[in-house]
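[1] Okay, structure incoming, though there's no sequence with it:
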DNA sequence: CGGTATCCCCGGTGATACTG
DNA sequence: CAGTATCACCGGGGATACCG
């Protein structure tokens, strides 16, 4: 409310928008789906197999949401029996970069944690 | 398992690690907490006020987790009555950059969605 | 002020069965 | 093959009360 609380947008994390993006990719499966699709078009059941553990229901729900948000395109193939390809749209691909940045941080964080555990184990012997 | 499944890490989103980072910041409040702390040290109740809507319980739980992960430091102030400052550690600050990148994308995505809604509204009149 | 301890609810998720 | 429909569960999170 007061002027001193107004900051340069570049200097803060965009909390509001980040909250919104969590509604989009913050669930249990969506990030893995986007990850798999980042390699190129994938068929529905192939996607299901690659991710592993996801139910048809959840995969369908996630894909429908991503489609609605314009990140993923759905293509019915004129084969017999009919197949369905899912792939990232050009717009959807713009998500890969920031997601990779966060993924890299996450990877380093994981390594750091492993390292801490190792030190803890050494010191208690 | 098979060689052809091994890809250049830079070419894919790190799904595994991203899944892990969601366990850290993927909940309802943590991102907002990190966002507020990115301005500098904040007292417990001040943090609670700024975020708004969060319960003491959830704020405490999130801060404890962030502390345990080494992202946030907790400092008891020698005042009367005692106060507690929370702030991002140097390590915690390294999360700001990738988080900002994702936040920027999210902001643009939000704007894009608003734009689509506007077009939809125009076309149906 | 800065927490903990308890209880409880709801929605995201899983399991299963059915369909074009 | 690629879904949809229905039911059941359980854990994340809210409300409230209490504590040092």
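    Everything's here; your move. No experiment lies behind these values; they were computed from the predicted model shown. Residues are numbered from 1 along each chain as shown, chains lettered A, B, ... in the order given.
[2] Count the neighbours of residue A:76 for me.
    Neighbourhood size, residue A:76 [other C-beta atoms under 10 Å in any protein chain shown]: 9. Placement of C-beta: from N, CA and C, glycine included.
[3] Is it in a helix, a strand, or coil?
    Under the three-state scheme (DSSP: H, G, I helix; E, B strand; the rest coil), the conformation of residue A:76 reads as strand.
[4] wait, doesn't it sit right on residue A:44?
    No: with contact taken as C-beta atoms under 8 Å, residue A:76 and residue A:44 are classed as non-touching, separated by 10.5 Å.
[5] Name the residues contacting each of these two.
    With contacts defined as C-beta atoms under 8 Å, 6 or more residues apart in numbering or on different chains, the residues shared by residue A:76 and residue A:44 are A:83, A:84.
[6] Now the residue most central in space within chain A: which helix or strand?
    Compute the mean C-alpha point of chain A, and by C-alpha atoms, centre = their mean the closest residue is residue A:31, 2.2 Å away. Element membership of residue A:31, judged by DSSP states H and E, is helix A:30-37.
[7] what's the average pLDDT for that helix?
    For helix A:30-37, the mean pLDDT works out to 96.
[8] quick check, it touching chain B?
    Yes: using C-beta under 8 Å from any C-beta of the partner chain, helix A:30-37 comes into contact with chain B via A:31, A:32, A:34, A:35, A:36.
[9] OK, contacts around the fourth one?
    Listed by C-beta under 8 Å, 6+ apart, the contact partners of residue A:35 are A:99, B:12, B:13, B:14, B:15, B:18.
[10] again, only using 6 Å
    Listed by C-beta atoms under 6 Å, 6 or more residues apart in numbering or on different chains, the contact set of residue A:35 reads B:13, B:15.
[11] if I look at it, how far off is residue A:72?
    Distance, residue A:35 to residue A:72, by C-beta to C-beta, to the nearest Å: 13 Å.
[12] again with the third one
    In this structure, residue A:34 and residue A:72 are separated by 8 Å, where distance is defined by C-beta to C-beta.
[13] got the residues of chain A near DNA strand D?
    By C-beta under 7 Å from any atom of the strand, the residues of chain A that approach DNA strand D are A:43-46, A:56-57, A:60, A:63-64, A:74, A:81-84, A:86.
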